[in-house]
Structures are given as C-alpha cells and as structure tokens.
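Participant: Model the following, please.
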Amino acid sequence: MASSLTCAGIVWAFLSFLCAAASCVGFFMPYWLLGSQLEKSVSFGTFRRCSYPVRDESRQMTVMVEQCGRYASFQAIPSAEWRICTVVTGLGCGLLLLVALTALMGCCVSELISRTVGRVAGGIQFLGGKCSCGQGMGM
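Facilitator: Numbering: from 1, shown residues only. As a prediction, the model looks like this:
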C-alpha cells in the first residue's frame, strides 16, 4: 500500500485517531460530575446520567433509578448551557473523528493527502479540539 504521508504524517494520523477516540469516549461517558443525592452515588455528563431521581406519581414520591441512561429528549437535559455544551462538544468530537479517519485513509491511499489538504485538515482538527475542550465559540 502506498501512502501519501511522510513519517511525521503517519505519526500524526495515528495520534489524531487516538486523541479523537479518547475525546469521544470522554464525551459519551456519564462521569463528568460525581456526587450524591438521596444518599445514593450519582454521576452525569452532558447527555447521559447514572443514578438519577424520578418522580413516581403512583406513590407520590421521588425515587432513585439506579442505572445509567440518556436523557429522554434533548429538552430533558438540565439547562440550556448543558445543551449547548452537548452540541459543541459533539461537534468537536465529530470533526476530530473526520480528520483522524481521513488521515488514516491517507496512510493507505496514495496521493489522498496533499500539503493543502493536510493544512486544511490541521485547521479543522484545531477547531474540533477547541470545541471538544469547551473553548470553541468564545466559551
């Protein structure tokens, strides 16, 4: 298989993939904030949560659901700030994955990545990194 990347480009492609994968795993895991509620350990991220309170209307009380899951809808995410964080971080992870997979394909396909494409990919990767770190769009 011929490659359009230099040795530095191949290292960049694999490191990009590892960083994109780590960002996506961190984004999908519900362990951003840890605490306790109703004497139970709870944790949540931007769109997943573990051990969360639910109102049981039949018993007229709040009970703890001791499992992990996504919010029922986008509007069920606790605040507008968390919704924005979900969108921006998800966008950043998507951009990082796009660049990483393109770079990995460049390791296998001849003349896929030119100098200009590499620079554009670097810019997209920078933007994706800023978004996934919460620094995008002036945050």
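Participant: for stretch 41-61, what is the average pLDDT?
Facilitator: Looking at stretch 41-61 alone, the average pLDDT works out to 79.
Participant: Okay, buried residues for that stretch please.
Facilitator: Using 16 or more other CB atoms under 10 Å as the burial criterion, the residues of stretch 41-61 that qualify are 42-52. All C-beta atoms are positioned from the backbone trio N, CA, C, and that covers glycine.
Participant: cool, and stretch 93-102?
Facilitator: Within stretch 93-102, the residues scored as buried using 16+ other CB under 10 Å are 93-97, 99-100, 102.
Participant: Can you pull out the residues in contact with that stretch?
Facilitator: Judged by CB atoms under 8 Å, 6 or more residues apart in numbering, the contacts made with stretch 93-102 from elsewhere in the structure are 13, 16-17, 19-21, 23-24, 27, 112-113, 121, 124-125, 127-129, 131-132.
Participant: Break down the chain into its helices, ranges please.
Facilitator: Listed in chain order, the helices found in the chain under DSSP state H are 7-28, 80-108, 115-132.
Participant: Tell me which of the ones you listed lies nearest to Cys68.
Facilitator: Among the helices of the chain, helix 7-28 comes nearest to Cys68, with 10.8 Å by CB to CB.
Participant: I'd like to know which elements the closest one is packed against.
Facilitator: Packing partners of helix 7-28 (3 or more CB pairs under 8 Å, 6 or more residues apart in numbering; DSSP states H and E): helix 80-108, helix 115-132.
Participant: Show me what the last one packs onto, helices and strands only.
Facilitator: In other words, helix 115-132. Using 3+ CB pairs under 8 Å, 6+ apart as the contact criterion, the neighbours of helix 115-132 among helices and strands are helix 7-28, helix 80-108.
Participant: now it and helix 80-108, what's the angle there?
Facilitator: Orientation note: helix 115-132 sits at an angle of 150 degrees relative to helix 80-108 (axes from the mean of the first three to the mean of the last three CA atoms, to 10 degrees).
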